[in-house]
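Chemist: here is a sequence with its predicted model. Questions after.
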Amino acid sequence: MPTSEAPPRAPASRSGPPFVDSFCDPARRRLLLIAAILASALGFIDGSVVAIAIPAMRETLGASLIQSQWVHNAYLLTLAALTLTGGAAGDRFGLSRVFSAGITAFVAASMLCAAAPNTTFLIVARALQGMGAALMIPGSLALIARAYPEAERGRAIGIWAGAASVTTAAGPILGGIALSYGGPEMWRAIFAVNLPIGGAALWLIARAVREDPGKPGQPLDWLGATLAIAGLGLIACALSIEGLGTARWPLGAAGAAIVALFLWVEARIPAPMLDITLFRIRSFSAANLLTFTFYVSLSTILFFLPMTLISGWGLTELIATFAFAPLSVFIPLLSTPAGKLSDRYGPGLPITIGTGLSTLAFLGLALVIDRQNYWNELIPLCCLMGMGMAFVVAPLSAAVMAGVDGAKTGGASGVNNAVSRIASLFAVASMGGVASGAYLSAGGAASFGERLVGDPLQGAATIAGFTAVAYACAILGAASTLVAWFGLPRHAKATA
């Protein structure tokens, strides 16, 4: 799902922002917009399609559940840790240069993913993909903000967001078609298709941008980025690698210590990637706490539900993808009414409604997943989850910005974007143990989500594993609802 990011404001003048004409030929702004859409599509589609392709990857590469978690998490780890640094690099070296470098790195890593001979190789390639995405994704909206004058910027960003929703919805469906009719090895095509898309984006951005000066004096927080990767990586390992036994605790403690060191460093260096002072704002802290708890629950469902439908129920990848269509239908359909509700009553009310509806959907999935009633029970619950998401996405941006000084809105949005990705990382890392434990307790003889044709016990055990994580998601969803109600502004004046 695309996350909103506050673009930098251009200084106004009588003839428009002075840098607009020199940066991008007004006649070619549309080319830049298309390039930003294509680059965003690369990141969003890869994030959503991989969950559908995990069973096929496991079948062809012989991957375990833990390895499949790291196929997902290696990408998110480097993306979450480097997103803020990637945004700063655009300011330092030039937006279009860093954006183009990110696309190039992302596409090159995608080709490595497509050619991966084993799971370890794929995990490393996914980490490299995340590094490329960290340079590419923050630049998408920043380029639009730089190229379009303020009077036209809102419409351009709206086109970008709408196109991102469509591509996010279409990606899994196209991936499901390829996997259903092309065989298990077709998961490689999901990565290979990034080559022509990325090539088109590079060609367009080269034609659109005329001049892109950087800021040579702008420092980059490489120490913070390194500490973030190390700390988050160690914690994710401690949460997900079951074979570590008692070694989990010192590993997790080491990760927590490095994260604490990261926070200490960020509070003291002159140009930090994370502005610690933002967390002094009550609504900002509450919004990010809610982002973490809610996106942990949502990401858990999005990762483990496809495996359950494909390996537990025996559905094809194509049918399984339709379970996620409501998310991309209801978010653009209901985001405007949700935004108006936020403007009138403050973001607390619509977010409480949204997290409450999603919590009911998570609980409903836990209660009915074993009945395997796809159209009459599962799809309506996914529609309820999509409606809930629609009432969260747009108002959450308002909640993040409430009380934040205008000069810090870009940084505040970037922090919230990183928190949502960290939540996705922790969701898959931590919930794998919950799913595996319930799976083994139900008599599973292989691994959660492993596709074993003709083994009814494997299907039942996989369903039991998903039931456990769905209940855990319902608890997290309820906690998110409480944070929304008690921690976020519920009056329009508070968001002004």
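Modeler: Looks like it arrived, so ask away. Residues are numbered from 1 along each chain as shown.

Chemist: count the residues that sit near Leu128.
Modeler: 19 (other C-beta atoms under 10 Å). All C-beta spots, glycine's among them, are computed from the backbone N, C-alpha and C.

Chemist: please renumber the chain so that the first residue is 805 from this point on.
Modeler: Let's use 805 as the start, then, which means that last one is Leu932.

Chemist: pick out the residue closest to the middle of the protein.
Modeler: Arg1225 (5.0 Å; C-alpha atoms, centre = their mean).

Chemist: quick one: that residue and Leu886 touch, right?
Modeler: No - applying C-beta atoms under 8 Å as the test, Arg1225 and Leu886 come out as separate, 10.1 Å apart.

Chemist: now do the contacts for Ile1186.
Modeler: One thing to correct before we go on: residue 1186 is Cys, not Ile. Ala1127, Phe1128, Ala1129, Pro1130, Leu1131, Ala1165 (C-beta atoms under 8 Å, 6 or more residues apart in numbering).

Chemist: Ala1276 touches Gly1237, doesn't it?
Modeler: No - using C-beta under 8 Å, Ala1276 is not in contact with Gly1237, being 10.6 Å away.

Chemist: regarding stretch 1165-1182, how distant is the last residue from the first?
Modeler: 9 Å (C-alpha to C-alpha, to the nearest Å).

Chemist: residues making contact with it?
Modeler: 1101, 1105, 1109, 1112-1113, 1117, 1119, 1123, 1127, 1185-1186, 1188-1189, 1192, 1264, 1267-1268, 1270-1271, 1274-1275, 1277-1278, 1281.

Chemist: okay, and which of those map to helices?
Modeler: Counting by DSSP state H, the contacts of stretch 1165-1182 place 1101, 1105, 1109, 1123, 1185-1186, 1188-1189, 1192, 1264, 1267-1268, 1270-1271, 1274-1275, 1277-1278, 1281 in helices.

Chemist: hang on, the earlier thing: just want to know which of Ala1276 and Gly1237 has more residues nearby.
Modeler: Shown here are Ala1276 and Gly1237; by other C-beta under 10 Å, Ala1276 has more neighbours (21 against 18).

Chemist: which one is the more buried one nearest to, not counting chain neighbours?
Modeler: Distances taken as C-beta to C-beta, 6 or more residues apart in numbering put Val1238 closest to Ala1276, at 5.8 Å, once the chain neighbours are dropped.

Chemist: show me what the helix or strand encompassing the one you found is packed against.
Modeler: Assigned by DSSP states H and E, Val1238 belongs to helix 1213-1245. Packing partners of helix 1213-1245 (3 or more C-beta pairs under 8 Å, 6 or more residues apart in numbering; DSSP states H and E): helix 869-897, helix 1026-1044, helix 1086-1111, helix 1183-1205, helix 1260-1291.

Chemist: the one helix or strand Pro1141 maps to vs helix 1086-1111, what angle?
Modeler: If you go by DSSP H and E, Pro1141 is part of helix 1129-1149. Angle of helix 1129-1149 versus helix 1086-1111, following axes from the mean of the first three to the mean of the last three C-alpha atoms, to 10 degrees, is 170 degrees.

Chemist: in helix 1129-1149, what's buried?
Modeler: The neighbour-count check on helix 1129-1149 (16 or more other C-beta atoms under 10 Å) flags 1129-1136, 1138-1139, 1142-1143, 1145-1147, 1149 as buried.

Chemist: same question, stretch 1180-1190
Modeler: Neighbour-count burial for stretch 1180-1190, counted by 16+ other C-beta under 10 Å, picks out Glu1181, Leu1182, Leu1185, Cys1186, Cys1187, Leu1188, Met1189, Gly1190.

Chemist: how far does it sit from its chain's centre?
Modeler: Centroid displacement of stretch 1180-1190 relative to its chain, using C-alpha atoms, centre = their mean, to the nearest Å, is 21 Å.

Chemist: again with stretch 1070-1082
Modeler: 23 Å.

Chemist: using PDB, write out every CA atom in that stretch.
Modeler: Provided in PDB are the C-alpha atoms of stretch 1070-1082 (Å, rounded to 0.1, in the frame of the first residue of the first chain):
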ATOM      1  CA  GLU A1070      20.500  10.300  16.800                       C
ATOM      2  CA  ALA A1071      19.800  12.600  19.700                       C
ATOM      3  CA  ARG A1072      23.400  14.100  19.600                       C
ATOM      4  CA  ILE A1073      24.600  14.300  16.000                       C
ATOM      5  CA  PRO A1074      23.900  17.500  14.000                       C
ATOM      6  CA  ALA A1075      22.100  15.900  11.000                       C
ATOM      7  CA  PRO A1076      20.300  12.800  12.300                       C
ATOM      8  CA  MET A1077      18.200  10.500  10.100                       C
ATOM      9  CA  LEU A1078      15.700  10.400  12.900                       C
ATOM     10  CA  ASP A1079      14.500  13.600  14.700                       C
ATOM     11  CA  ILE A1080      14.000  12.300  18.300                       C
ATOM     12  CA  THR A1081      12.400  15.600  19.300                       C
ATOM     13  CA  LEU A1082       9.300  14.700  17.200                       C
END
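
Chemist: how about residues contacting it?
Modeler: Contacts for stretch 1070-1082 (C-beta under 8 Å, 6+ apart): 888-889, 892, 1022-1025, 1027-1029, 1032, 1066-1067, 1069, 1088, 1208, 1212, 1215-1216, 1219.

Chemist: same question for that stretch, mean pLDDT?
Modeler: The average pLDDT within stretch 1070-1082 is 90.

Chemist: now, which of the buried residues of stretch 1180-1190 sits nearest Ala1051?
Modeler: Using C-beta to C-beta, Met1189 is the member of the buried residues of stretch 1180-1190 that lies nearest Ala1051, at 36.8 Å.

Chemist: pLDDT score for Gly1210?
Modeler: The predicted structure lists Gly1210 with a pLDDT of 63.

Chemist: oops, could you answer that again for Gly966 instead?
Modeler: For Gly966, the predicted pLDDT is 69.

Chemist: do the same with Val824
Modeler: Val824 is given a pLDDT of 47.

Chemist: count of neighbours near the residue lying closest to Gly851 once chain neighbours are set aside?
Modeler: Closest residue in space to Gly851, ignoring its immediate chain neighbours: Tyr879 at 7.4 Å, by C-beta to C-beta, 6+ apart. By the criterion of other C-beta under 10 Å, Tyr879 has 29 neighbours.
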